[in-house]
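> pasting the structure only:
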């Protein structure tokens with residue numbers, strides 16, 4: 001039977017799993033309320049252990065009737081028609097990836113269990129990211145390249161970006177690129193980051209009634225700089241944030257729940273800038 005794209009509203013089945021790795025509560029008041037239907041769950045993209053624990057934490061919530069939409073950074077908004085078709089007709093994660101067109105650069109093996117979970121519980125799959133071309137367009141021409149006037153006004157993108165947020169985003173982007181970026185490249189990249197977070201926030205709003213879980217990198221879900229900053233206050237108050245971080249990224253102030261996982265051994269990311 002073809003699945004119908006719908007979202008059911010219900011309370012959470014249980015709190016996040018707290019056993020195993022080190023877990024810290026950043027906001028005890030927020031973390032204690034496990035009935036909120038909105039979550040943002042982060043990742044270090046190449047850390048398999050983080051992916052494993054996030055999957056377990058999410059599945060632990062699905063024992064009742066709560067069936068949130070799964071908003072995935074790994075698919076871009078232009079893929080939504082194909083992703084919806086895949087969600088309705090596929091019985092395996094590989095079928096979904098093949099039908100929707102898995103974008104190169106993502107380690108899809110790490111996302112197969114998550115997609116299989118969505119199929120098992122009939123969680124609507126939502127393509128949440130901007131496409132590579134949309135990102136380039138924003139960097140070159142500004143927010144109007146991808147957002148209509150109503151969206152730009154609603155998110156105040158027609159106004160200067162908040163200075164503290166802007167300064168911190170500049171710093172984070174520079175550091176994440178080993179402080180090797182040309183000075184004139186940083187602001188367009190900050191604008192692109194803002195556009196992606198606004199798209200995530202916009203979709204969180206659209207799916208809020210039935211519940212939603214955003215699956216994205218820790219940089220997008222963090223409370224101080226990410227999607228949270230673009231949510232209206234009434235929606236932001238309902239959102240809970242789970243960070244799946246390596247020890248160097250541990251910060252109890254930017255996540256409601258933080259699970260610290262072992263550092264993944266990887267090549268020096270700054271090596272490419274030293275050539």
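Yep, that arrived. Quantities reported herein were computed from a predicted structural model and do not represent experimental measurements. Numbering: from 1, shown residues only.

> how close does the residue nearest the centre of the chain get to residue 65?
The centre of the chain sits closest to residue 216, judged by Cα atoms, centre = their mean, with a distance of 2.4 Å. Residue 216 is 25 Å from residue 65, where distance means Cβ to Cβ, to the nearest Å. Quick note: C-beta positions are derived from backbone N, CA and C, even for glycine.

> poorly predicted segments of the stretch 1-150 of the chain, please.
Within the stretch 1-150 of the chain, the ranges that satisfy pLDDT under 70 run 1-36.

> how about the helices in it?
Applying DSSP state H, counting those that start in this stretch to the stretch 1-150 of the chain gives helices spanning 28-32, 48-59, 80-89, 93-100, 108-121, 132-141, 149-154.

> please name the bridge partners of residue 69.
Counting by DSSP bridges, residue 69 forms beta bridges with residue 212.

> can you pull out the strands in this protein?
All strands of the chain, identified by DSSP state E, fall at 22-25, 38-41, 69-76, 125-129, 212-215, 239-245, 257-260.

> what's the angle between the fourth one and helix 80-89?
Going back to what we said before, that points to strand 125-129. 160 degrees (axes from the mean of the first three to the mean of the last three Cα atoms, to 10 degrees).

> what about strand 125-129, distance to the chain center?
Mean-position distance between strand 125-129 and its chain equals 9 Å (Cα atoms, centre = their mean, to the nearest Å).

> tell me what that strand is packed against?
Where contact means 3 or more Cβ pairs under 8 Å, 6 or more residues apart in numbering; DSSP states H and E, strand 125-129 is packed against strand 69-76, helix 80-89, helix 183-206.

> neighbouring strands - and their directions - for it?
strand 69-76 (parallel).

> in CSV, list the helices of the stretch 1-150 of the chain along with mean neighbour count and distance to residue 180.
Output for the helices of the stretch 1-150 of the chain, formatted as CSV (neighbours: other Cβ atoms under 10 Å; distance: least, Cβ to Cβ, whole Å):
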stretch, mean neighbour count, distance to residue 180
helix 28-32, 13, 37
helix 48-59, 19, 26
helix 80-89, 17, 35
helix 93-100, 19, 33
helix 108-121, 18, 27
helix 132-141, 16, 18
helix 149-154, 13, 32
